[in-house]
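A.B. asks: 3D model of this:
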Amino acid sequence: MLDFEIIADEGDLCGEGPLWDRENACLYWTDILGHKFYRYEWKTRQHALLRDGFEITGFTLDESGEFVLANSSGVWRWDGAGAPQPIVDRIGDEECRLNDCIADPQGRLIAGTCWYNPEGNYRPGKLICVDRDARARVLDEGFHLSNGLGFSPDCRTLYFTDSVARIIYQYDYDVKEGAISNRRVFIRVPGSEGLPDGLTVDAEGFVWSAQWYGKCIVRYDLDARIERQIETPAKQTSSLAFGGPELTDIFITTAAKSEPMPVMPPGYDPRTGFFGGPVYRINLGIQGKPEFKTKIRPDEQGS
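C.D. replies: As a prediction, the model looks like this:
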């Protein structure tokens, strides 16, 4: 196994959503279940708690210098200091209950709704778009557990993960309109492996997926073949992001609280072993690409 550096070890119950801020040379991530939000400074190699007591399931950097946050109550703006301000709380007649999210090249927010209940019936999730004026619309629907998203380097393809279905989908993406078409399966992860969770795309267009229960991150080529599979120290490997000065460092989040589900691979033990908690860093000499920023302006509605 590679030598993984631990950059933070706060025992995150469900570390998720790592995002590199290239301008300020720092990494942000969230502990969804612990309701904590962190920043790691590259220059000092120190991390700090920025927010406690507020659920954040996904987030983006906004061009205003603020954050756009997603959680099980909707979409929020946050200036990094005061109280987050709600901007979207419903999608039509449905509550806006979100998991992961990403900014598109025009500053829209793309996110997945999530109602998954491993113990019973639940409504299907949706893939949604929040336009720059903060109006929300549905792009697609029929998902179990919405998760990691990413764009190809030319932005013509959007990847979207349904963890419980064990599928990473791909769509044709219309950047000008913020529209998707031609949904198809990019990867169907076998039942013997972990669940596909967080996702990113590198500068060559290869798709990286963290495997929850799988204790690994996987790099897929454009023909959906496994180019490499890297074992990680934690059984619940949740997400990953490229960062560092050259975008060649890979930051990996993990989760300390065991979350058994009926879709666990055969033989997986949810009671013993090291599930996770730290944030790790490795450098494989592979370059990522910068993530986009949102440009959400609720006050521009109707203008």
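
A.B. asks: could you use CA atoms for every contact and neighbour count after this?
C.D. replies: Fine.

A.B. asks: and the gap between Phe186 and Asp221?
C.D. replies: 10 Å (C-alpha to C-alpha, to the nearest Å).

A.B. asks: where does pLDDT dip in the stretch 151-300 of the chain?
C.D. replies: Within the stretch 151-300 of the chain, the stretches with pLDDT under 70 are 300.

A.B. asks: if we go to 80?
C.D. replies: Across the stretch 151-300 of the chain, the ranges flagged by pLDDT under 80 are 299-300.

A.B. asks: strands of that one, start to end?
C.D. replies: Per DSSP state E, counting those that start in this stretch, the stretch 151-300 of the chain carries strands over the ranges 157-162, 167-174, 179-188, 195-201, 207-212, 216-220, 226-231, 237-243, 249-254, 279-283.

A.B. asks: save these as a markdown table, and put in mean neighbour count too.
C.D. replies: Output for the strands of the stretch 151-300 of the chain, formatted as a markdown table (neighbours: other C-alpha atoms under 10 Å):
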| stretch | mean neighbour count |
| --- | --- |
| strand 157-162 | 24 |
| strand 167-174 | 19 |
| strand 179-188 | 15 |
| strand 195-201 | 28 |
| strand 207-212 | 27 |
| strand 216-220 | 21 |
| strand 226-231 | 14 |
| strand 237-243 | 30 |
| strand 249-254 | 26 |
| strand 279-283 | 20 |
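
A.B. asks: out of the ones you listed, flag the one nearest Leu13.
C.D. replies: Counting by C-alpha to C-alpha, Leu13 lies closest to strand 249-254 out of the strands of the stretch 151-300 of the chain; the figure is 8.2 Å.

A.B. asks: ok, and what's touching that closest one?
C.D. replies: The contact list for strand 249-254 (C-alpha atoms under 8 Å, 6 or more residues apart in numbering) reads 12, 14-18, 234, 236-243, 275-285, 287.

A.B. asks: what about 7 Å?
C.D. replies: 14-16, 18, 234, 236-243, 276-283 (C-alpha atoms under 7 Å, 6 or more residues apart in numbering).

A.B. asks: what do you get for stretch 57-66?
C.D. replies: Under C-alpha under 7 Å, 6+ apart, the answer for stretch 57-66 is 17, 32, 67-71, 78-80, 99-103, 293-295.

A.B. asks: filter the residues you listed to the buried ones?
C.D. replies: 17, 32, 67-71, 78, 99-103, 293-295 (16 or more other C-alpha atoms under 10 Å).

A.B. asks: quick one: which of these sit in strands?
C.D. replies: Judged by DSSP state E, the buried ones among the contacts of stretch 57-66 include 17, 67-71, 78, 99-103 as members of strands.

A.B. asks: in a markdown table, list the strands of the stretch 151-300 of the chain along with distance to Pro266.
C.D. replies: Below are the strands of the stretch 151-300 of the chain laid out as a markdown table (distance: least, C-alpha to C-alpha, whole Å):
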| stretch | distance to Pro266 |
| --- | --- |
| strand 157-162 | 19 |
| strand 167-174 | 18 |
| strand 179-188 | 17 |
| strand 195-201 | 12 |
| strand 207-212 | 14 |
| strand 216-220 | 16 |
| strand 226-231 | 18 |
| strand 237-243 | 17 |
| strand 249-254 | 21 |
| strand 279-283 | 27 |
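
A.B. asks: can you tell me which of those is nearest to Leu127?
C.D. replies: strand 157-162 (8.7 Å).

A.B. asks: the closest one packs against which elements?
C.D. replies: strand 146-151, strand 167-174 (3 or more C-alpha pairs under 7 Å, 6 or more residues apart in numbering; DSSP states H and E).

A.B. asks: try it again at 10 Å.
C.D. replies: Judged by 3 or more C-alpha pairs under 10 Å, 6 or more residues apart in numbering; DSSP states H and E, the packing partners of strand 157-162 are strand 98-103, strand 109-113, strand 136-143, strand 146-151, strand 167-174, strand 179-188, strand 195-201.

A.B. asks: what pairs with the shortest one, parallel or antiparallel?
C.D. replies: Looking back up the chat, that one is strand 109-113. strand 98-103 (antiparallel), strand 125-130 (antiparallel) (DSSP bridges).

A.B. asks: can I get these in TSV with distance to Val164 and mean pLDDT?
C.D. replies: Compiled in TSV, the strands paired with strand 109-113 are given as follows (distance: least, C-alpha to C-alpha, whole Å; pLDDT from 0 to 100):
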stretch	distance to Val164	mean pLDDT
strand 98-103	13	97
strand 125-130	11	98
